[in-house]
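Student: quick one: sequence plus predicted model below, questions after.
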Amino acid sequence: MRKPCCEKKDTNKGAWSKEEDQKLVDYIKKHGEGSWRSLPQAAGLLRCGKSCRLRWLNYLRPDLKRGNFAEDEEDLIVKLHALLGNRWSLIAGRLPGRTDNEVKNYWNSHLKRKLIRMGINPDKHHVRQSISRQHPVISHGKKEQLSKDATFLVKKTSGLPDLNLNLTLSNNIVE
DNA sequence: AAGTGGCACAACCGCTCGGTA
DNA sequence: TTACCGAGCGGTTGTGCCACT
């Protein structure tokens, strides 16, 4: 059995308070990101390091774009999902200001349903299996390679209509 | 007004990976 | 070579809100 990422006792769980958010933001502004395991103690937070990391990445980061997804963002998510499958961090990496959690939630609550309504099977539209067959071991660390593969596949798969070959959104999307 | 079902999103959990001693 | 640790990822759960009955 693995050791827990931090001592379960003496750690808060559940929703973050404004005070906790402020402590985390202040600390990261001062010391930068990283060393998540030791951060809570250093910042005076009764939280698990993983929890701090998640809170910062998904909610507190200043470059986050909050609010509804634009139509071209939706479009890009669908296309990337078709290529990459449920590799949310890779997909989010191509959407400036969006997080993997946000993309994942949006997919599960909006886009999946939307595709179903359109008569598209959201699980089978992608080519995840063929990618997996070509690369039986795909790790998080291989995401750069996978990303290149995705771009390669798009270029190669000329049959796929209306694909954004750059697979990125510019930063000047109107909010 | 109260109950309830569905939705949206924040947060947690367990696993894997890469680095390193 | 291997065992350990920190970081990151994706799946899942919890919870608050809102619309509907």
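Tutor: Looks like it arrived, so ask away.

Student: any residues of chain A in contact with DNA strand C? List them.
Tutor: A:3, A:5, A:14-15, A:34-37, A:49-50, A:53, A:86-90, A:100-101, A:104-105, A:108, A:140, A:143 (Cβ under 7 Å from any atom of the strand). All C-beta atoms are positioned from the backbone trio N, CA, C, and that covers glycine.

Student: make a ChimeraX selection of the buried ones in those.
Tutor: One line in ChimeraX is enough to select the buried ones among the residues of chain A next to DNA strand C; burial here means 16 or more other Cβ atoms under 10 Å:
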select /A:36,49,53,87,88,90,100,143
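
Student: got the contact list for the nearest residue to A:G44 once chain neighbours are set aside?
Tutor: Counting by Cβ to Cβ, 6 or more residues apart in numbering, A:K23 is the residue found nearest to A:G44 once chain neighbours are left out, at 5.8 Å. By Cβ atoms under 8 Å, 6 or more residues apart in numbering, the residues touching A:K23 are A:A43, A:G44, A:L45.

Student: output those in a markdown table, with distance to A:V78 appended to each entry.
Tutor: As requested, the contacts of A:K23 are exported to a markdown table (distance: Cβ to Cβ, whole Å):
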| residue | distance to A:V78 |
| --- | --- |
| A:A43 | 39 |
| A:G44 | 43 |
| A:L45 | 38 |
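
Student: generate a ChimeraX selection restricted to the buried subset of those residues.
Tutor: Provided next is the ChimeraX selection string for whichever of these are buried by 16+ other Cβ under 10 Å:
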select /A:43,45
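
Student: closest to DNA strand B among the contacts of A:K23?
Tutor: Nearest to DNA strand B among these is A:L45, at 11.1 Å by Cβ to the nearest atom of the strand.

Student: right, and that closest one touches A:Q22 too?
Tutor: No: counting by Cβ atoms under 8 Å, A:L45 stays clear of A:Q22, with 10.4 Å between them.
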